[in-house]
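Visitor: could you work out the structure for the sequence below:
(one chain, ligands or ions: 2)
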Amino acid sequence: MKIKVVSSTQQRAEAVARMVRESAPGLEVLSATGAPDDLVAAVNGSQPSLLVLDGLNQQGLDGLGALSGKHPELEAIVISPEPSPAFLLRAMQVGVRDVLPSADPVALQAAVQRISRKHAPAARGEVLAFMGCKGGSGATFLAANLAHVLSSREGLRVALLDLDLQFGDALLMLSDQRPASDVAEVARDIHRLDAELLRAAMVSVSPTLSVLAAPTELSQALEIKASDIEAIVKQARQVFDYVVLDVGRSIDPVSLQALDLAQQIYPVVQLSLPQLRDARRLRTLFQSLGYPPDKLQWLVNRYQKSTEIGLEAFEQAVGNKDLLTVPNHFASVSASVNQGVPIEKLARSSPVTRALLDLAQVIAPVEAGKKDKWFRSLFSH
Ligand SMILES: Nc1ncnc2c1ncn2[C@@H]1O[C@H](COP(=O)(O)OP(=O)(O)OP(=O)(O)O)[C@@H](O)[C@H]1O
Ligand SMILES: [Mg+2]
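Guide: Ligands and ions are numbered 1, 2, ... in the order given. You can find the predicted model right below:
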């Protein structure tokens, strides 16, 4: 999205442009100086989709009115200290989206994000569900970190929804931020759910990765219905390219709803006899639900060669030879989990990071040229 910032001095225009640039990835932000009443000259053929007009006066608003008469799709944000009621009315009449009293980065970036989302290309809306075969298989770690790896790819917007309603801890794997809201609160307000409400309920880990946390209280989990989950996932699909679900381990109407909505399910197992037994049970469940085999991609986590139960036993148990493995690497994984920092950030050369990057490459292939850059960055540490 192309944005032009106009202010009375170059220094001020650049300072505001820098704030705007940090609102979202992929914004093309130009800056210009111009008298507030000569917008046409300032816009000057660069055809932005959004104008950020710093210090615009009443005359300037008339100029904006004339400009947006010719370009009705042009959006505008105005920064104006102490705007009068007459100024606000005129701003509304000429279609200004926001009038901000100062160049406060938080308010400015939120206003830019609202508009840039409207102009964003349609979301891919693919749903990927992670489910542990047994407690501690690593489903949450893998879901959270795959979401992070995908969100580092150019142009991808990713949501992580923590649907392990009773014991969810997915946010803690990525961030120390406290969630302002959670799945239970969104469910309580489900009739008002839209893209803005969902976003406001999520923790923004980065401009391209948002997390909807599980409820903090166990009892709140019981109030959430399968139809709430359906509405939340469907809304998330409209605005995110990948919607990663941590489904937890319990089989109930909520988790079945989540699994139904997923294009791809990743059951996470480890090579042990109890897990082998549960993997068989899960396979039977998936069969009875009528899921086609290609909806399932079994992930063998903490994989190491020479264990008593080998990969072949698992291939037989789950009736699939295309198992993916994620190696066992205690040092890097426990550092990531205990610090709450994505493993890709903390330990780029960890074999676990590499396995996640490989999985992301299968899910969302990067073209050859870009991939070279990606590989170089992988080995630059
Ligand atoms: N590839 C790995 N190598 C080493 N340790 C790992 C790996 N994956 C996960 N772990 C360890 O396993 C622990 C449990 O992982 P996680 O919480 O993701 O499991 P889970 O399947 O979500 O469990 P729960 O059933 O409790 O939700 C992590 O805290 C981490 O220490
Ligand atoms: Mg978990």
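
Visitor: for the record, mean pLDDT for stretch 163-172?
Guide: Averaging pLDDT along stretch 163-172 yields 95.

Visitor: any idea how far that stretch is from the middle of the chain?
Guide: Chain-centre distance of stretch 163-172: 16 Å, with C-alpha atoms, centre = their mean, to the nearest Å.

Visitor: any idea how far Ser151 lies from ligand 1?
Guide: 18 Å (C-beta to the nearest ligand atom, to the nearest Å). Every residue, glycine included, has its C-beta placed from N, CA and C.

Visitor: contacting residues for that residue?
Guide: For Ser151, the contacting residues are 157-158, 205-206, 208-209, by C-beta atoms under 8 Å, 6 or more residues apart in numbering.

Visitor: just those now: which is nearest Ile251?
Guide: Distance to Ile251, by C-beta to C-beta, is smallest for Val158 among the contacts of Ser151, at 26.1 Å.

Visitor: got phi/psi on the closest one?
Guide: Note on Val158: backbone dihedrals following degrees, to the nearest 10 are phi -130, psi 140.

Visitor: quick check: the residue lying closest to it once chain neighbours are set aside vs Ser181, distance?
Guide: For Val158, ignoring the flanking residues on the chain, the nearest one in space by C-beta to C-beta, 6 or more residues apart in numbering is Ser151 at 4.0 Å. Computed with C-beta to C-beta, to the nearest Å, the distance linking Ser151 and Ser181 is 20 Å.

Visitor: please apply the same query to Leu259.
Guide: 24 Å.

Visitor: next: Lys234.
Guide: Where Ser181 is concerned, Lys234 sits at a distance of 18 Å (C-beta to C-beta).

Visitor: do the same with Asp38
Guide: 45 Å.

Visitor: okay, those two: which has more neighbours?
Guide: Legend: neighbour count by other C-beta atoms under 10 Å for Asp38 and Ser181, higher for Ser181 (18 against 13).

Visitor: counting neighbours, what do you get for Leu324?
Guide: 15.

Visitor: isn't it right up against Val300?
Guide: Yes - contact criterion C-beta atoms under 8 Å: Leu324 and Val300 qualify, at 7.0 Å.

Visitor: ligand 1 contacts on this structure?
Guide: Counting by C-beta under 6 Å from any ligand atom, the residues of the chain lying close to ligand 1 are 132, 135-141, 164, 248-249, 301-302, 326, 328-330, 333-334, 337, 352.

Visitor: buried ones among those?
Guide: Among the residues of the chain next to ligand 1, those classed as buried by 16 or more other C-beta atoms under 10 Å are 132, 137-141, 164, 248-249, 301-302, 326, 328-329, 333, 337, 352.

Visitor: those in helices, which ones?
Guide: The members of these that map onto helices under DSSP state H are 139-141, 333, 337, 352.
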